[in-house]
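**Q** using only what follows, build the 3D model:
(one chain, ligands or ions: 1)
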Amino acid sequence: MTEHTLTVAGVTVDTRHWIGGERVASARTFTDVSPIDGAVIGEISRGTPVEAAAAVAAAKAAFPAWAATSRAERARLLHAVADGVEKRIEELAIVETTDNGALLRSHRRGVMPRVAHNFRFFADRLLTLAHEDFETRGHANHVSWDPAGPSVLITPWNAPLMLATWKVAPALAAGNTVVLKPAEWTPLTASLLADIAAEAGLPAGVLNVVQGYGSEIGDALTSHPDVRRISFTGSVPTAQRIAASAAARLTPLSLELGGKSPLLVFADADLDLAVDLAVEQYDNAGQVCLAATRILVEDSVAEEFTQRFVDKTTALRQGDPRDESTDIGPNIHPRQLEKIDGFVRRALEAGARAVVGGHRGDGQYYAPTLLTDVAQDSEIVQEEVFGPVLTLQTFADEEEAVRLANDTRFGLAATVATGDRERAERVTARLVAGTVWVNCFFVRDLRAPFGGSRHSGVGREGGTWSFDFYCDLKNTVTAPKGFEDHG
Ligand code: NAD
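**A** Down below sits the predicted model:
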């Protein structure tokens, strides 16, 4: 450990920003704390508008050469970054778990391989990106995806490297340069990504990382005149501030926000499958934007469903996320825990009943909770808790199920459990959501569009949609006349 590095389980992490291919320290720092045991991990450079502007300037300087780099070379470099991620999966996994408290086994086997895949997928997609040329009265139309410019990417703490690279990879593939601002509660893996990108040979200034509080450097990034794209994942209030800040320059935005997604369980569903889908909503201690936190069950099976759900939930092991047998780890921060507890206390005061949980655990843990007797217009049904707290309501028929499912200001995802294919088609067609799963949950293919409706987001990323967002699309129309060869 030196003045500007810290170590986590033997892995060295640089605590400074990464700007224009150099490590840059701020005069002040903020303290990074592990949610596992509250231990101080280290002091991280606390960015100011000065470092934010320097990062944008570095991204601007690197942009012309990167945009002019051939698709094949950009793809080669992104695959080299993926190779670097794959070599360091163990290191990335333990650092991420220490920083955000999510399960080590899922970081090792699911998340970090997926991080590498983010780079491989967008590298390969770049190589096949094309629109068929077409003719208008003999004039040739050619559609191209032109790199847009420096892009600011702002990400949350619940899946730090996964969500960062889901933006970094397509932005770089598109030929844009990047300033990444990870969440202040989870700054570490973004710093490791800078190391990996540099080792892979990414030119200086193509990827920049600035650390710090959104409230202190956010504006300097999102209102900057040289920034041509902003992609943000996080909460609705922050998105509203960013949209206001970007408005003066009309900087195009992609916003991936919160949710209050429903799980609809019909009486004809495979009940064991439906219960498994419901219990899965406690993954990552409920800190998943897509989580189906509102369970809606058809009256006739509600009692049976609830009993089986309680049996499964009480068997879950809550504890140290580094332990292979743990199912649920801690919540991210004392402030978040306080917020979760506030939601549950107010719901109980309003007449809700805790079928399981309903209280804090030891340390920074919250007991997996299921609340019943909740009103549709109550806070606990309408607002995102972002913790291991689910509600259960019942419905009489398909009409009521769809009405309850759609009755929030969100529209990120929805899950339907039914044994009737025709019902599945009828119901999914009526749900307002960016992603709908039938008899499954969290199956995510990078070819699919991803995003939310209503307050869950603006725009879609994924597959070609990512390139549509990060690029300036251009149509070039060429007449069949006027050339020297008259051809
Ligand atoms: P947040 O909005 O508090 O913070 C997200 C990021 O924004 C952080 O990096 C933060 O530093 C930064 N930020 C804060 N103020 C800013 C400002 N004024 N200008 C610029 N940046 C600023 O969100 P969070 O608590 O970190 O994340 C949880 C939220 O994210 C939940 O609502 C969750 O549903 C949502 N989320 C959505 C998705 C999705 O894909 N739709 C995925 C994961 C999380």
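**Q** for the ligand, what are the nearby residues on this structure?
**A** Residues of the chain lying close to the ligand (CB under 6 Å from any ligand atom) are 154-158, 163, 181, 183-184, 213-215, 218-219, 222, 233-235, 238, 241-242, 256-259, 289, 384, 386, 412, 452, 457. Just so you know, the C-beta spots here come from the backbone N, C-alpha and C atoms, and that holds for glycine as well.
**Q** give me the subset of the residues you listed that lies in strands.
**A** For those, the ones inside strands are Ile154, Lys181, Thr233, Glu256, Gly457, with DSSP state E as the criterion.
**Q** am I right that Val416 is in a helix?
**A** No. If the criterion is DSSP: H, G, I helix; E, B strand; the rest coil, then Val416 is strand and not within a helix.
**Q** how close does it get to the ligand?
**A** Using CB to the nearest ligand atom, to the nearest Å, we find Val416 at a distance of 20 Å from the ligand.
**Q** in ChimeraX, how would I select just the buried ones from the residues of the chain next to the ligand?
**A** The buried residues among those can be selected in ChimeraX (16 or more other CB atoms under 10 Å) with this line:
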select :154,155,156,157,158,163,181,183,184,214,218,219,222,233,234,238,241,242,256,257,258,259,289,384,386,412,452,457
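**Q** now intersect the residues of the chain next to the ligand with the helices, please.
**A** Leu163, Gly214, Ser215, Gly218, Asp219, Thr222, Thr238, Arg241, Ile242 (DSSP state H).
**Q** surely the fourth one and Arg241 touch.
**A** So that's Gly218. Yes. Counting by CB atoms under 8 Å, Gly218 does reach Arg241; the two are 7.2 Å apart.
**Q** secondary structure element holding the nearest residue to Glu22 once chain neighbours are set aside?
**A** Counting by CB to CB, 6 or more residues apart in numbering, Glu22 lies nearest to Ala204, which is 7.6 Å off, once chain neighbours are set aside. Using DSSP states H and E, Ala204 is not contained in any helix or strand.
**Q** contact partners for Ala204?
**A** Contact partners of Ala204, counting by CB atoms under 8 Å, 6 or more residues apart in numbering, are Gly20, Gly21, Glu22, Ala58, Ala62.
**Q** what's the answer for Asp226, then?
**A** Val56, Ala57, Ala59, Lys60, Gly149, Pro150.
**Q** distance check, the second one against Val50.
**A** Same thing as Ala57. 11 Å (CB to CB, to the nearest Å).
**Q** just to revisit the earlier point, do you know the pLDDT at the residue nearest to Glu22?
**A** Note for Ala204: predicted pLDDT of 98.
**Q** how about the one 5 residues further on?
**A** In the prediction, the pLDDT value recorded for Val209 is 99.
**Q** circling back to that earlier point, can you redo the ones in strands among the residues of the chain next to the ligand as CSV, where the extra columns are pLDDT and distance to His359?
**A** Formatted as CSV, those follow (pLDDT from 0 to 100; distance: CB to CB, whole Å):
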residue, pLDDT, distance to His359
Ile154, 98, 34
Lys181, 98, 35
Thr233, 98, 30
Glu256, 98, 31
Gly457, 98, 32
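**Q** picking up where we left off before, phi, psi of the residue nearest to Glu22?
**A** In terms of degrees, to the nearest 10, the main-chain angles of Ala204 are phi -60, psi 140.
**Q** ditto for Val178
**A** Taking degrees, to the nearest 10 as the convention, Val178 sits at phi -130, psi 140.
**Q** higher neighbour count, Ala57 and Val50?
**A** Comparing Ala57 with Val50 by other CB atoms under 10 Å, the one with more neighbours is Ala57, at 18 against 13.
**Q** do you know the pLDDT at the more buried one?
**A** On pLDDT, Ala57 comes in at 98.
**Q** and if you look at His486?
**A** Predicted confidence (pLDDT) for His486: 59.
**Q** got the domain boundaries for this protein?
**A** The chain breaks down by automatic domain parsing into domains covering 5-257+452-475, 262-438.
**Q** what's the span of the longest one, first residue to last?
**A** Domain 5-257+452-475 has an end-to-end distance of 48 Å (CA to CA, to the nearest Å).
**Q** now stretch 58-73, how far from the centre of its chain.
**A** On the basis of CA atoms, centre = their mean, to the nearest Å, stretch 58-73 sits 26 Å off its chain's mean C-alpha point.
**Q** who touches that stretch?
**A** By CB under 8 Å, 6+ apart, the residues outside stretch 58-73 that reach it are 19-21, 74, 126-127, 129, 146-147, 149-151, 172, 175-179, 203-206, 208, 226.
**Q** got it, and stretch 413-421?
**A** Stretch 413-421 is contacted from outside by 259, 261-266, 268-270, 273-274, 277, 290, 292, 405, 424, 427-428, 431, 433-441, 452, using CB under 8 Å, 6+ apart.
**Q** narrow those to those in strands?
**A** Those of the contacts of stretch 413-421 mapping onto strands are Ser261, Pro262, Leu263, Leu264, Val265, Ala292, Thr435, Val436, Trp437, Val438, per DSSP E.
**Q** so for the first one, what's the pLDDT?
**A** By that I understand Ser261. Per-residue confidence (pLDDT) for Ser261: 98.
**Q** touching, Ile154 and Ser235? I think so.
**A** No. Contact criterion CB under 8 Å: Ile154 and Ser235 do not qualify, at 11.2 Å.
**Q** rewinding a little: drop anything exposed from the contacts of stretch 58-73.
**A** For those, a burial check counting by 16+ other CB under 10 Å picks out 19-21, 74, 126, 129, 147, 149-151, 172, 175-179, 205-206, 208.
**Q** before we move on, the earlier item: pull out the buried residues from the contacts of stretch 413-421.
**A** Here, 16+ other CB under 10 Å leaves 259, 261-266, 269, 274, 277, 290, 292, 405, 424, 427-428, 431, 433-438, 441, 452 buried among the contacts of stretch 413-421.
**Q** show me what the nearest residue to Thr428 once chain neighbours are set aside is bridged to.
**A** Spatial nearest neighbour of Thr428, excluding adjacent residues (CB to CB, 6+ apart): Val436 at 4.8 Å. Note on Val436: beta-bridge partners by DSSP bridges are Ala414.
**Q** where does Val436 land on pLDDT?
**A** pLDDT, read off for Val436, is 98.
**Q** same check, this time on Ile242
**A** Model confidence at Ile242, given as pLDDT, is 98.
**Q** skip the chain neighbours and tell me the closest residue to Arg317.
**A** Using CB to CB, 6+ apart and skipping the chain neighbours, the partner closest in space to Arg317 is Asp327 (5.0 Å).
**Q** could you do Gly84 as well?
**A** The nearest residue in space to Gly84 (CB to CB, 6+ apart) is Ile196, at 3.8 Å.
**Q** thought the one you found was touching Ala82?
**A** No. Here Ile196 does not reach Ala82: they are 9.3 Å apart, not a contact under CB under 8 Å.
**Q** circling back to that earlier point, so of the contacts of Ala204, which ones are in strands?
**A** Members of these lying in strands (criterion: DSSP E): Glu22.
**Q** now for the contacts of Ala204, which pair is the farthest apart?
**A** The largest separation in the contacts of Ala204, counting by CB to CB, is between Glu22 and Ala62 at 12.5 Å.
**Q** please identify which of the two sits among more neighbours.
**A** Shown here are Glu22 and Ala62; by other CB under 10 Å, Ala62 has more neighbours (22 against 13).
**Q** can you give me phi and psi for Asp124?
**A** The phi and psi values for Asp124, taken as degrees, to the nearest 10, are phi -70, psi -40.
**Q** before we move on, the earlier item: quick one: which two of the contacts of Asp226 are the most distant?
**A** Every pair of these checked by CB to CB; the farthest is Ala57 and Gly149, at 12.7 Å.
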